[in-house]
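Undergrad: turn this into a structure:
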Amino acid sequence: MAADAQRGYAKGRARRREILDQAMTLFGEAGYRGTSLRTIAARCGISHPGLLHHFPTKESLLLSVLEHRDEVDGAWLDLDGPTGVARLRGYTELAELNAGRRGIVELFTVVSAEATAADHPAHAYFVRRYAESVSGAQLAYAQARDAGELRDGVDPDLAGAQLIALMDGLQVQWLLTPGATDMAAVLRSHLQAQLTVPLHTR
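TA: Numbers count the residues shown, from 1 in each chain. As a prediction, the model looks like this:
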């Protein structure tokens with residue numbers, strides 16, 4: 001009986017992961033508002049009630065998809081992780097990672113734009129996430145400054161906000177012109193111009 005329960009649990013986790021993957025793709029293609037639960041269920045080969053067994057509402061599914069993305073990107077959202085130049089270097093590594101996962105970039109770009117509306121179910125999520133992203137970048141610049149590794153005249157608060165804006169803008173360019181925009185290279189050039197030490201040691 002325990003073995004049967006364990007197999008059922010594993011099957012349920014696999015199904016849940018499949019739903020998250022398909023929802024992430026569809027939200028990225030058509031946006032949250034343009035994607036129905038029935039469409040996601042059909043893509044997964046299950047019934048609408050079957051999908052609701054795992055995610056009772058569309059809002060709960062969207063937030064689960066976004067949380068899944070943050071789990072993947074946890075190293076870059078962790079304010080207790082790398083510091084200073086090492087943390088700034090991490091943003092270029094994140095850009096390199098994103099270049100290999102168009103679906104996630106589409107999801108973030110499309111849904112974050114939709115979520116500027118106050119009644120969007122992910123509005124609070126993106127408000128919080130942007131605040132954390134900007135504060136993390138500002139902290140990294142401040143640490144670089146305190147270590148004597150930031151050029152004179154670079155304000156950590158302004159530079160942090162600019163870095164996150166640059167990353168988002170690069171993602172839009174990259175989505176619109178596949179292969180024409182090297183997000184990581186642009187970020188490396190931008191960051192290196194602000195530092196007194198090499199951004200990359202290798």
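Undergrad: following element in sequence after the lowest-mean-pLDDT helix or strand in the chain, please.
TA: Ranked by mean pLDDT, DSSP states H and E, the helix or strand of the chain with the weakest confidence is helix 74-77, at a mean of 58. Going down the chain from helix 74-77, the next helix or strand is helix 84-98, by DSSP states H and E.
Undergrad: can you pull out the low-pLDDT segments for this protein?
TA: For the chain, the stretches with pLDDT under 70 are 1-8, 72-80, 201-202.
Undergrad: at 50 what do you get?
TA: Scanning the chain for pLDDT under 50 picks out the ranges 1.
Undergrad: packing partners for the longest helix along it?
TA: Determined from DSSP state H, the single longest helix within the chain is helix 2-30. Packing partners of helix 2-30 (3 or more CB pairs under 8 Å, 6 or more residues apart in numbering; DSSP states H and E): helix 37-44, helix 48-54, helix 58-72, helix 102-114. (Each C-beta comes from the backbone N, C-alpha and C, glycine too.)
Undergrad: leaving out the residues flanking it, which one is nearest to Arg15?
TA: Using CB to CB, 6 or more residues apart in numbering and skipping the chain neighbours, the partner closest in space to Arg15 is His54 (6.6 Å).
Undergrad: what is the neighbour count of that neighbour?
TA: The number of residues packed near His54 is 19, by other CB atoms under 10 Å.
Undergrad: try Val65
TA: Val65 has 26 neighbours, counted by other CB under 10 Å.
Undergrad: got the angle between the helix or strand where Ala184 lies and helix 102-114?
TA: For Ala184, the host element (DSSP H and E) is helix 183-192. Taking axes from the mean of the first three to the mean of the last three CA atoms, to 10 degrees, one finds helix 183-192 and helix 102-114 inclined to each other by 60 degrees.
Undergrad: many thanks, I have nothing further to ask.
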